[in-house]
Structures are given as C-alpha cells and as structure tokens.
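[1] no FASTA, just this:
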C-alpha cells in the first residue's frame, strides 16, 4: 500500500506541477499581451478625452463665422427689389416666367427665406444663361428644385423648366 500511496502522491504532484505550468503559460503567453493592449487602449482613450476637451472652447469662433455670414446677407426689406432683378434677368435672356408663386419662411435665427416657384420656358441656351446669370447676380440665392422638360417630336429648341429658388435675407421680413 505504501507503493500505491507513493504512486498516487507522485501522480498528484505531477498533476499539480502540470497545472502550475499551465497557469504560467496562460498568464505569460496570453494574458500579458492582452494587458499591454489594454494599457495602450486606456492611454488612447485619455488622449482622445484631452483632444475633445480642447475642441469644445472653439464655439465662440464658430459664432463669429455665423455672424460674418449674417452680416453679408442683404436686408429682408430689399427682397422685392431682388426678386424684380430676377424677373429683369429673365427678360434680358429671352426666358418667359409663368405661374410665379412666392412664399416667405422664417428660419431659425435672424434669417428670412423667400421662395419663388415658377415655370420657365425658352430656348435651352437662354435658360442656361439665365440660371448662370441668376447665380452670379445674387450671392444669397439657392436653386432648391429644378426640373427640365423638353417636348418630344416637335423639333423645337424650347424647354420648359420648373424651378424653386430660395432667396435668403437677414433680419425680420
């Protein structure tokens, strides 16, 4: 029985040695590289937090940029004369304006949007010239929608255009 006890204690000792060796391999071969990666990730997170903390105070600079844009907008009181200029450009380019509608919208802040919806007709080069001159003449304008239609089978160079323009102004309407 003594030999059986020795064999059993030898097996237990061998098993314990194997378990300690396995634990050593797992800790140093697998867990240490993971721990290094974790430390690097923590440093990266701290660096990103520092960067985001320095970005936040720049809000006054953004407000200065917005104020600069608002100062460049024509006053809302001149919206009708600006629209008249758009009609004169159409006449000078041989473009006919039909079914013209106007709509005022107040945007957030001190910006006023006057929308003009219209149907245009004329030769394609004239319509294209009108749109080019329109964008050159008005700095605070946008083409919000544009749809061309050319009648088929007529041989005509005329095009019909549905357009929606946005004319931006500063201040109250």
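    Now that the structure is in, tell me what you want to look at. These numbers come from a predicted model, not from an experiment. Residues are numbered from 1 along each chain as shown.

[2] gap between stretch 110-126 and the chain center?
    Relative to its chain's centre, stretch 110-126 lies at 25 Å (C-alpha atoms, centre = their mean, to the nearest Å).

[3] ok, now stretch 3-19?
    Using C-alpha atoms, centre = their mean, the offset of stretch 3-19 from its chain centre is 70 Å.

[4] Give me the mean pLDDT for that stretch.
    The predicted model assigns stretch 3-19 a mean pLDDT of 82.

[5] same deal with stretch 85-93?
    pLDDT averaged over stretch 85-93 gives 90.

[6] for stretch 72-79, same thing?
    pLDDT averaged over stretch 72-79 gives 83.

[7] Would you mind listing the buried residues in it?
    By neighbour count with 16 or more other C-beta atoms under 10 Å, stretch 72-79 contains the buried residues 73-74, 76, 79. (C-beta placed from N, C-alpha, C; glycine too.)

[8] now swap in stretch 145-154 and tell me
    Per 16+ other C-beta under 10 Å, stretch 145-154 contains no buried residues.

[9] what residues does that stretch touch?
    124, 131, 158-164 (C-beta atoms under 8 Å, 6 or more residues apart in numbering).

[10] Now tabulate those in JSON lines and tack on pLDDT.
    As requested, the contacts of stretch 145-154 are exported to JSON lines (pLDDT from 0 to 100):
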{"residue": "124", "pLDDT": "88"}
{"residue": "131", "pLDDT": "91"}
{"residue": "158", "pLDDT": "86"}
{"residue": "159", "pLDDT": "88"}
{"residue": "160", "pLDDT": "90"}
{"residue": "161", "pLDDT": "90"}
{"residue": "162", "pLDDT": "93"}
{"residue": "163", "pLDDT": "91"}
{"residue": "164", "pLDDT": "92"}
